[in-house]
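K.L.:
Give me a model of this one.
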Amino acid sequence: MAKLNLPEYQFNIKHDPSGATAIYDQLRHKFVRLTPEEWVRQNFVEYLIQAKHYPRGLMANEVSLVQNGIKRRCDSLVADNCGRPLVIVEYKAPNIKIDQAVFDQIILHYNQVIMARYLMISNGMVHYCCRNDYANKRIVFLPEIPEYGNL
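P.N.:
From the prediction side, this is the model:
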């Protein structure tokens with residue numbers, strides 16, 4: 001898999017007889033197909049846990065939600081200590097440029113339902129974090145990914 005702009009972590013990876021590769025997702029407690037986007041997800045989740053001290057027990061991958069009768073799924077969700085959504089994370093493969101359409105996806109499709117305070121987007125090479133300022137109806141980009149205790 002591609003070298004990412006994240007620390008290197010060790011993962012449980014297996015290959016089945018058909019040639020498919022899977023990676024163990026510690027949040028979903030199962031092996032999932034290893035794609036470039038999944039590689040980014042697993043590395044970024046480990047980065048949040050190990051480098052930024054996000055509690056593993058307050059994180060979830062592939063969270064289902066319904067918006068206007070349409071089923072959607074956000075890539076990762078981080079909750080606060082009371083279980084309320086705090087951060088939505090969207091992942092793209094390393095070769096996918098993060099542009100306005102990606103921000104629109106997370107803001108318009110997911111956050112209208114979840115109303116998280118923070119939004120993060122990563123393609124493994126570039127990482128963005130912004131804070132929703134609901135009172136002033138604006139989004140403030142942060143210079144770096146904050147530690148969990150600073151959210």
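K.L.:
Quick one: mean pLDDT over stretch 92-101.
P.N.:
Summarised as a single mean, pLDDT over stretch 92-101 is 92.
K.L.:
which residues touch that stretch?
P.N.:
2, 4, 35-37, 39-40, 102, 121-126, 128 (CB atoms under 8 Å, 6 or more residues apart in numbering). Glycine gets a C-beta too; all of them are placed from N, C-alpha and C.
K.L.:
For the lowest-mean-pLDDT helix or strand in the chain, name the packing helices and strands.
P.N.:
Within the chain, no helix or strand scores below helix 112-114, which has a mean of 77 by mean pLDDT, DSSP states H and E. In terms of contacts (3 or more CB pairs under 8 Å, 6 or more residues apart in numbering; DSSP states H and E), helix 112-114 is packed against strand 59-67, strand 70-79.
K.L.:
Which of those strands comes out lowest on mean pLDDT?
P.N.:
Here the helices and strands packed on helix 112-114 differ in mean pLDDT, and the lowest is strand 59-67 at a mean of 83.
K.L.:
could I get that strand in CSV with only the CA atoms?
P.N.:
In CSV, the C-alpha atoms belonging to strand 59-67 read as follows (Å, rounded to 0.1, in the frame of the first residue of the first chain):
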residue,chain,number,x,y,z
MET,A,59,-14.8,5.8,17.9
ALA,A,60,-16.8,4.0,15.2
ASN,A,61,-16.3,3.3,11.5
GLU,A,62,-18.9,3.1,8.8
VAL,A,63,-21.7,4.7,10.9
SER,A,64,-25.1,4.4,9.2
LEU,A,65,-27.5,7.4,9.2
VAL,A,66,-30.7,8.4,7.4
GLN,A,67,-31.2,11.8,5.7
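K.L.:
Just checking: what are the partner strands of it?
P.N.:
strand 70-79 (antiparallel) (DSSP bridges).
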